[in-house]
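# After the sequence you'll find the predicted model.
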Amino acid sequence: MQFARMTTRWLALLLLLISTSTAAQVPDLKWDKSVVKDVNEAAGLSAKDPVSALMLFKNVATNTKKPKPEQKAWLDQQIAALQPQALAVLQQDYEAASKALDLRGMIFSSATANEIAKDTIKTEPLITETKTKVLAGTSGAGDIWKITNATAVPIKGSYSEGGPTGVNIAPNNGSQLVRVKAHVENISADGDKSYALWALGSLKRILGSIYATSETSRWMDQDFIFLVTPASEMMACSYVMDGSGMATMKITTGSKVVRPPMTVKKGSSMDIDVLFSVPNTATDLRLFILGAAPVVVTKPPEK
């Protein structure tokens, strides 16, 4: 009798595990060909990656090819079921990142949560508090990138590149362009979270998916690169130069040139070559890439 009760309990537990880990079944609702790939991918991810699955389902629900009522009803059901799980994962990731002084991880998890709904996870400590510690060079902050040979050269006037996708980059008022080069190596044993691209906005996510890999890797993007003054004022990267290790395709949206985020596999490296608009009075600049401590930039050696 006792064995029978134990067998019954184990069977119930097994059924529970199966029911909670099975991918969502996609009903035949005649999905438009523009969304059917995302629907099937989200369904396959729903058990093991609720954040990515939720974001894909939400993306389909707001697609320009609006879902039919029966499709929307099914999507809403999946979204409602996944949201508590996804937010719990993002909350846990934010807290783990904050303990590790991982500013990058905090940004990824909080920005992705805000894509689901504003103020849905507790962001304590605040990102600004961790940023202050990281920029101050607090020990342990930043162990993803090893940055070497960081140099900076001022450029007079504006910078132009010709060709069919030619650009012209001008400094802000009271500023000058500074060209920064550095060698950046991925020294992390881990990779970025599977949902990381969702934190970069729809265009960057679509472009970045071209370079996504199943291998352990980290994302490198223009939006992760800054110059920092001694007073911890941050200047965003203005442009990724042609010839840089980050330079692939480029798309112009309004006055901004956008390049896809790149994956850097574990143990791999790249040479970056980027432009900044820097106040004329700025001195003692440091290069800061999300995932590494700031490093001093120097003048390149004389040739």
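Sure thing, it's come through. As the structure is a computational prediction, the values presented were derived from the model and not from experiment.

# can we go C-alpha only for contacts and neighbour counts from here?
Fine.

# How many neighbouring residues does D190 have?
Using other CA atoms under 10 Å, D190 has 13 neighbouring residues.

# Quickly note the distance from the nearest residue to it once chain neighbours are set aside to G267.
In this structure, D190 finds its nearest non-sequential neighbour in T216, 6.5 Å apart by CA to CA, 6 or more residues apart in numbering. Distance check for T216 against G267: by CA to CA, to the nearest Å, it reads 10 Å.

# same question, E129
As judged by CA to CA, E129 and G267 stand 30 Å apart.

# And V51, by the same measure?
Distance of V51 to G267, given as CA to CA: 27 Å.

# go on, S188?
8 Å.

# And the helices in the stretch 201-303 of the chain, which stretches?
Using DSSP state H, counting those that start in this stretch, the helices of the stretch 201-303 of the chain run over residues 202-208.

# now the strands: where do they sit in it?
Ranges of strands in the stretch 201-303 of the chain, per DSSP state E, counting those that start in this stretch, are 217-220, 225-228, 234-240, 251-253, 256-258, 262-265, 269-279, 286-289, 295-296.

# for the ones you listed, which one sits closest to K204?
K204 lies closest, by CA to CA, to one member of the strands of the stretch 201-303 of the chain: strand 256-258, at 8.1 Å.

# Now do that closest one: which elements does it pack against?
Packing partners of strand 256-258 (3 or more CA pairs under 8 Å, 6 or more residues apart in numbering; DSSP states H and E): strand 251-253.

# Looking at V51 and G267, which one has more neighbours?
Comparing V51 with G267 by other CA under 10 Å, the one with more neighbours is V51, at 28 against 13.

# Surely the more buried one is within a helix?
Yes: assessed with DSSP: H, G, I helix; E, B strand; the rest coil, V51 lies in a helix.

# any idea of the mean pLDDT in stretch 65-74?
Across stretch 65-74, the average pLDDT comes to 91.

# do the same with stretch 197-213
Average pLDDT, stretch 197-213: 92.

# List the buried residues for that stretch?
Using 16 or more other CA atoms under 10 Å as the test for burial, stretch 197-213 gives L197, W198, A199, L200, K204, R205, L207, G208, A212.

# Low-confidence bits of the stretch 151-300 of the chain, can you list those?
Low-confidence segments of the stretch 151-300 of the chain (pLDDT under 70): 163-165.

# Name the SS class of N173, please.
Under three-state DSSP, N173 falls in the coil class.

# Next, count neighbours for it.
N173 has 10 nearby residues by other CA under 10 Å.

# With D93 instead?
Using other CA under 10 Å, D93 has 17 neighbouring residues.

# start the count at 30, not 1, going forward
Sounds good: first residue 30 from here, last item D122.

# my guess is it meets G134, correct?
Yes: between D122 and G134 there is a contact at 7.4 Å, judged by CA atoms under 8 Å.

# count of neighbours near the residue nearest to D219?
The burial count for T245: 15, using other CA under 10 Å.

# so it makes contact with S223?
No: T245 is beyond contact range of S223, at 10.5 Å (criterion: CA under 8 Å).

# Which parts of the stretch 80-229 of the chain are helices?
Under DSSP H, counting those that start in this stretch, the stretch 80-229 of the chain gives helices at 98-128, 132-145, 156-164.

# Any chance of a markdown table for the ones you listed, columns distance to V213?
Formatted as a markdown table, those follow (distance: least, CA to CA, whole Å):
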| stretch | distance to V213 |
| --- | --- |
| helix 98-128 | 22 |
| helix 132-145 | 16 |
| helix 156-164 | 18 |
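
# Which of the ones you listed has the highest mean neighbour count?
helix 132-145 (a mean of 22; mean count of other CA atoms under 10 Å).

# Summarise which helices and strands it is packed against.
Using 3+ CA pairs under 8 Å, 6+ apart, the elements in contact with helix 132-145 are helix 98-128, helix 156-164.

# which residues sit against it?
With contact meaning CA atoms under 8 Å, 6 or more residues apart in numbering, helix 132-145 is reached by 84, 116, 119-120, 122-124, 126-127, 148-150, 152, 156, 159-160, 163, 171, 224-225, 227-228, 319-320.

# Could you do stretch 229-245 as well?
D219, G220, D221, L226, W227, R288, P289, P290, M291, T292, K294, K295.

# Which one of the residues you listed sits in the busiest neighbourhood?
Counting neighbours by other CA under 10 Å, P290 comes out on top of the contacts of stretch 229-245 with 27 neighbours.
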